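Asks: Fold the following for me, if possible:
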Amino acid sequence: MPSADAEIERHSLKAAADWHAVWAIVLGFCALAWPAGEDLTLNYALAVAAAPGIVGQLARLPGGRPLRFLIALSWPVCVGAAISMTGGLAGPLAALALMPAAAATTLSGGRYVAIGAALTAATVAAIALVTNAGLITPPSLPGPWLPLLIVLFCAVGLAAALQLAQARGRETLDVQAREAARLRTLLEAGPLLLLRLDADGVIREAFCGAPEDWDHKLIGRPFENLAGEAHRSAARAALALVRQSGKASVGFSPPLAPDRFLAVELRALQRGEVAALVRDASRERATEAYLEQAKAEAEGMARAKSRFLANMSHELRTPLNAIIGFSDIMRSRLFGPLEGRYAEYAALIHESGGHLLDLINDVLDMSKIEAERYSLSLEPFDAREAVAAALRLTRVQADTARIALRGALPPEPIEVNADRRAVKQIVLNLVSNALKFTPSGGQVNVIARAQNGQLEIIVADTGTGIAPADLERLGRPYEQAGGIDQRAMGTGLGLSLVRAFAELHGGTMTIKSRLGEGTAVSIKLPVLDLEANAREPVESLSPPPLAAAAGDNVVAFRPQR
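Replies: This next block holds a predicted model:
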């Protein structure tokens, strides 16, 4: 949508083009209708004087200032030539010398009136000099009525030009008044109060309505008095700051409404004045307080849930261990033989109970970690023992799935000071995950080694890999990847526990994966007993291919500080 100034400019240029068109038509008609004798000088002079009217049609084009300057320049050139052709200032067309100024009046902008006046004066001066030099021979006058006709026509043209200028001025004032009224209406309808302060910080103008609970007599009051007693020093400091830097922000409560909060933006104006934009931020502060309270309540509920589950360890594990123990006795036929169906049921009960115990242990461990009630039981031990124990527990699962499970452990002990159960649990969870996502015929490689002063455990598989979108989610509690069948096999806590145990030891977990080719998880724990492990690193151990593959999707988890 064009602006008001652009619309006024377009209308005024159209009127100027119309004025020039009338000039070209009248002068052109005179040039054609004037009785021609043997001397056609006067006819040619009238045609030359009509030429600026044709040039003036350029005002209809969107050329801007260059076209208007060209129009203004065409007047003294053509008019001067016409006057010179008819005897100079003593000739019948001398009155045309006033028309450059009249034509410039029709163009937008005061600078063109000044240019037209200057060009008119230059035209008259040039013609006078040429006449005094005797370069112009005054022709015989065709009669007194032609000069009178030219004077009359020039007077009418000048009057029309002045009328156009006045109309443009009135239209400009009307548009400005409408724009000011529209702007005031918009400001009055908005939630903002705009104030103008003088150099002393006293309110001189208020452009919008004050809030209902304010004293509406704002004019003449110091700005600092808009704030309550507790905030007036802040208001004075903001005024001092805006005088130095040109802008400042301050917030305060009004004296008659201490429960409200107003945010004020101050900007420096000319002559030391200041503009103050006041916004009622009470609702925003209330919303922030509500959100903070809701966040605190949600965090409290999460902590309460974690504490509840952490306290359920004995109540859940004790009866489940009893079920597993009694079903194991029945399965082993310790007190006598069982019929085939009962023996099958006892085996199913034992298997299901063991699976349920694993799930409950994961949930309870994660709940203890979230409730910050899980404490590491640090002790010195050989990390190879914990890794080997985890491999023994998962060997049957690997053989059943026809997956090659390979472990690479150094011949020398890896002495660490860590939580033995946590290290074993890290390897168990990583290997179980790898077996779950590796198809039959694949392989899972496990490496444990002392590397750069840390215990590094790497579990790499040749399974389905992890999509980039799933990779970003893994490591958070209850987040799972893979298909529906694979997700139904667990709770999504395996990698979360691995990450949590690693961070409790001050270590990190890094996952590298390529979809369709496999995944490698690297755990680095700063738990080495450096004195007991003071030996050269074992060069024969190397990570599986995926552990260092370039171009993989990689996500790294580091402990929160």
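
Asks: helix or strand right after the helix or strand where Gln425 lies?
Replies: Element membership of Gln425 [criterion: DSSP states H and E] is helix 420-436. Later in the chain than helix 420-436, the nearest helix or strand by DSSP H and E is strand 443-451.

Asks: re the thing from before, render the CA-only coordinates of the helix holding Gln425 in CSV, please.
Replies: The C-alpha coordinates for helix 420-436 follow below in CSV (Å, rounded to 0.1, in the frame of the first residue of the first chain):
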residue,chain,number,x,y,z
ARG,A,420,32.3,-53.4,40.4
ARG,A,421,28.5,-53.9,40.0
ALA,A,422,28.2,-50.7,37.9
VAL,A,423,31.0,-51.7,35.6
LYS,A,424,29.5,-55.1,35.1
GLN,A,425,26.1,-53.5,34.6
ILE,A,426,27.6,-51.2,31.9
VAL,A,427,28.9,-54.2,29.9
LEU,A,428,25.7,-56.2,30.4
ASN,A,429,23.4,-53.5,29.1
LEU,A,430,25.6,-52.7,26.2
VAL,A,431,26.0,-56.3,25.1
SER,A,432,22.3,-57.0,25.6
ASN,A,433,21.4,-54.0,23.4
ALA,A,434,23.9,-55.1,20.8
LEU,A,435,22.5,-58.6,20.7
LYS,A,436,19.0,-57.4,20.5
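
Asks: Could you pull out the buried residues of that helix?
Replies: 420, 422-436 (16 or more other C-beta atoms under 10 Å). C-beta: built from backbone N, CA, C; applies to glycine.

Asks: residues touching Leu241, list them.
Replies: Ala248, Leu266 (C-beta atoms under 8 Å, 6 or more residues apart in numbering).

Asks: Quick one: classify it as helix, strand or coil.
Replies: helix (DSSP: H, G, I helix; E, B strand; the rest coil).

Asks: which residues in the stretch 351-500 of the chain form strands?
Replies: All strands of the stretch 351-500 of the chain, identified by DSSP state E, counting those that start in this stretch, fall at 378-382, 404-408, 415-419, 443-451, 454-461.

Asks: Pull out the buried positions in the third one.
Replies: By neighbour count with 16+ other C-beta under 10 Å, strand 415-419 contains the buried residues Glu415, Val416, Ala418, Asp419.

Asks: Can you spell out which helices and strands pack onto it?
Replies: If you count contacts as 3 or more C-beta pairs under 8 Å, 6 or more residues apart in numbering; DSSP states H and E, strand 415-419 packs onto strand 378-382, helix 383-400.

Asks: Just the CA trace of the last one, in PDB.
Replies: Taking C-alpha atoms only, helix 383-400 is exported to PDB below (Å, rounded to 0.1, in the frame of the first residue of the first chain):
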ATOM      1  CA  ALA A 383      38.200 -54.600  35.400                       C
ATOM      2  CA  ARG A 384      38.800 -57.700  33.200                       C
ATOM      3  CA  GLU A 385      36.900 -59.800  35.800                       C
ATOM      4  CA  ALA A 386      33.700 -57.600  35.600                       C
ATOM      5  CA  VAL A 387      33.800 -57.600  31.800                       C
ATOM      6  CA  ALA A 388      34.400 -61.400  31.600                       C
ATOM      7  CA  ALA A 389      31.500 -62.000  34.100                       C
ATOM      8  CA  ALA A 390      29.200 -59.900  31.900                       C
ATOM      9  CA  LEU A 391      30.300 -61.900  28.800                       C
ATOM     10  CA  ARG A 392      29.600 -65.200  30.500                       C
ATOM     11  CA  LEU A 393      26.100 -64.100  31.400                       C
ATOM     12  CA  THR A 394      25.300 -63.100  27.800                       C
ATOM     13  CA  ARG A 395      27.000 -66.000  26.100                       C
ATOM     14  CA  VAL A 396      23.800 -68.200  26.200                       C
ATOM     15  CA  GLN A 397      21.800 -65.400  24.700                       C
ATOM     16  CA  ALA A 398      24.300 -64.900  21.900                       C
ATOM     17  CA  ASP A 399      24.500 -68.600  21.100                       C
ATOM     18  CA  THR A 400      20.700 -68.900  21.000                       C
END
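
Asks: Between strand 443-451 and it, find me the angle.
Replies: Angle of helix 383-400 versus strand 443-451, following axes from the mean of the first three to the mean of the last three C-alpha atoms, to 10 degrees, is 170 degrees.

Asks: Also the first one?
Replies: Put simply, strand 378-382 runs at 110 degrees to strand 443-451, going by the same axes, to 10 degrees.

Asks: which neighbours does strand 378-382 have in its sheet, and in what orientation?
Replies: When sheet partners are counted by DSSP bridges, strand 378-382 sits next to strand 415-419 (antiparallel).

Asks: got the CA coordinates for the strand it pairs with in PDB?
Replies: C-alpha atoms of strand 415-419 as PDB (Å, rounded to 0.1, in the frame of the first residue of the first chain):
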ATOM      1  CA  GLU A 415      43.500 -52.300  38.000                       C
ATOM      2  CA  VAL A 416      40.700 -49.800  38.700                       C
ATOM      3  CA  ASN A 417      39.100 -48.100  41.700                       C
ATOM      4  CA  ALA A 418      35.400 -48.200  40.800                       C
ATOM      5  CA  ASP A 419      32.000 -49.700  41.500                       C
END
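
Asks: for that strand, what is the average pLDDT?
Replies: The pLDDT scores in strand 415-419 average 92.

Asks: between that strand and helix 420-436, how big is the angle?
Replies: Going by the same axes, to 10 degrees, strand 415-419 makes 90 degrees with helix 420-436.

Asks: Name the residues that touch stretch 150-164?
Replies: 12, 15-16, 19, 22-23, 26, 92-93, 95-96, 98-99, 102-103, 105-106.

Asks: ok, now stretch 266-279?
Replies: Counting by C-beta under 8 Å, 6+ apart, 191-199, 201, 204, 223, 226, 238-239, 241-243, 246-250, 262-265 sit against stretch 266-279.

Asks: Which of those fall within strands?
Replies: 192-197, 204, 247-250, 262-265 (DSSP state E).

Asks: the bottom helix or strand of this structure by mean pLDDT?
Replies: Scoring the helices and strands of the chain by mean pLDDT, DSSP states H and E places helix 484-487 at the bottom, with a mean of 50.

Asks: does Leu405 really touch Val444, like I thought?
Replies: Yes - using C-beta atoms under 8 Å, Leu405 is in contact with Val444, at 5.1 Å.

Asks: Same drill for these two, tell me which one is more crowded.
Replies: Ranked by neighbour count (other C-beta atoms under 10 Å), Leu405 and Val444 place Val444 first, with 28 against 20.

Asks: Correct me if wrong: that one contacts Phe437.
Replies: No - using C-beta under 8 Å, Val444 is not in contact with Phe437; the gap is 9.7 Å.

Asks: so of the strands of the stretch 351-500 of the chain, which one's packed in deepest?
Replies: Of the strands of the stretch 351-500 of the chain, the one with the most neighbours on average (mean count of other C-beta atoms under 10 Å) is strand 454-461, at a mean of 25.

Asks: What strands line up against that one, and which way round?
Replies: Partners of strand 454-461 in its sheet, by DSSP bridges: strand 443-451 (antiparallel), strand 518-525 (antiparallel).

Asks: Ok, which of the ones you listed comes nearest Ala180?
Replies: Of all the strands paired with strand 454-461, it is strand 518-525 that lies closest to Ala180, at 68.6 Å by C-beta to C-beta.

Asks: can you give me the mean pLDDT across that closest one?
Replies: 92.

Asks: From the rest of the structure, what touches it?
Replies: 416, 418, 423, 426, 430, 433-434, 437-438, 451, 454-463, 465-466, 495, 498, 502, 505-513, 543-544, 546-547, 549.

Asks: Between Leu405 and Val444, which contacts overlap?
Replies: Ala398, Val431, Leu435.

Asks: Closest to Gly56 out of those?
Replies: Of these, the one sitting nearest to Gly56 (C-beta to C-beta) turns out to be Leu435, at 90.6 Å.
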